[in-house]
Structure formats: C-alpha cells, structure tokens
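1. for reference, the sequence and a predicted model appear below.
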Amino acid sequence: MPLTQLNFQPGIDIENTATGAEGKWIDCDKVRFRKGLPQKIGSFKSKADKMVFDMKDQFIVVDTEELHQYLKDNNTKVVNLEQLISSLEWNIILPK
C-alpha cells in the first residue's frame with residue numbers, strides 16, 4: 001500500500017461537523033500549532049525526585065532526573081528496565 005500525504009489546515013474547526021470540516025482538525029486537547037503543524041503542549045517536568053517500578057518480586061527505585069537524562073542521551077522513549085538499571089548510577093532494588 002503506497003503512503004499518502006495528509007494535508008490538514010492549521011487550527012481547530014469547532015463550528016462544523018466532522019464531515020463538514022473535512023481536511024481540518026475538529027477536536028483536540030493540549031495542542032498548539034507551529035508552522036501549520038500540531039504540536040503537543042507540555043513537558044516531562046515533574047516534582048517527583050524518584051520513580052518506583054513495581055516488578056513481580058521486587059521494587060526498583062530510580063532517580064527521575066537521571067532517568068530523563070538517560071532518555072535524552074539515548075534519544076529513546078522505550079527502555080528495557082534491566083538495561084536501564086545497569087546504565088544508571090543511582091538505583092535501589094527492594095525485595096517484596
């Protein structure tokens with residue numbers, strides 16, 4: 001199946017139905033438009049210092065600042081937890 005480019009007009013059309021607003025965005029939440037393209041509003045900033053992963057037989061505690069830096073450095077959104085633990089300087093593993 002060949003790829004097809006979709007061309008949407010910037011902005012949200014709340015005046016028409018989905019059929020009447022063909023080629024336009026009709027519904028969204030926390031989105032802004034930049035250079036005619038939608039862009040998520042928000043960030044990964046958190047007030048939490050640590051993050052706890054609940055595994056089958058243990059809890060793993062990691063530092064959120066170090067985790068975010070790891071994600072930025074490796075340019076990834078999906079992480080293998082075992083690989084993450086070996087890569088981070090600070091973590092705690094607690095048995096259940």
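-> Thanks, I have it.
2. how far away is Glu65 from Met55?
-> Distance of Glu65 to Met55, given as C-beta to C-beta, to the nearest Å: 22 Å. For the C-beta atoms, the positions are set from N, CA and C on the backbone; glycine is no exception.
3. so what's Pro95 bridging to?
-> Pro95 has these beta-bridge partners by DSSP bridges: Gln58.
4. what about the residue nearest the centre of the chain, distance to Phe53?
-> Central residue of the chain (C-alpha atoms, centre = their mean): Lys77, 7.2 Å from the mean position. For Lys77, the distance to Phe53 equals 16 Å [C-beta to C-beta].
5. please apply the same query to Ile26.
-> Ile26 is 38 Å from Phe53, by C-beta to C-beta.
6. report how many residues lie close to the residue lying closest to Ile12 once chain neighbours are set aside.
-> In this structure, Ile12 finds its nearest non-sequential neighbour in Trp25, 4.9 Å apart by C-beta to C-beta, 6 or more residues apart in numbering. Using other C-beta atoms under 10 Å, Trp25 has 16 neighbouring residues.
7. which residues does Trp25 contact?
-> Neighbour list for Trp25: Phe8, Gln9, Pro10, Gly11, Ile12, Asp13, Val31, Pro38 [criterion: C-beta atoms under 8 Å, 6 or more residues apart in numbering].
8. Leu67: how many residues sit nearby?
-> Number of residues near Leu67 (other C-beta under 10 Å) recorded here: 19.
9. what are the phi and psi values for it?
-> When read as degrees, to the nearest 10, the backbone of Leu67 gives phi -60, psi -50.
10. just Leu88 next, same as before
-> As for Leu88, its main-chain torsions (degrees, to the nearest 10) stand at phi -80, psi 150.
11. could you double-check that it sits in contact with Leu67?
-> Yes. With contacts counted by C-beta atoms under 8 Å, Leu88 reaches Leu67, the gap being 7.1 Å.
12. relative to Asp13, how far out is the residue of the chain positioned farthest from its centre?
-> In the chain, the residue that sits farthest from the middle, by C-alpha atoms, centre = their mean, is Gly20; the gap is 31.4 Å. Using C-beta to C-beta, we find Gly20 at a distance of 8 Å from Asp13.
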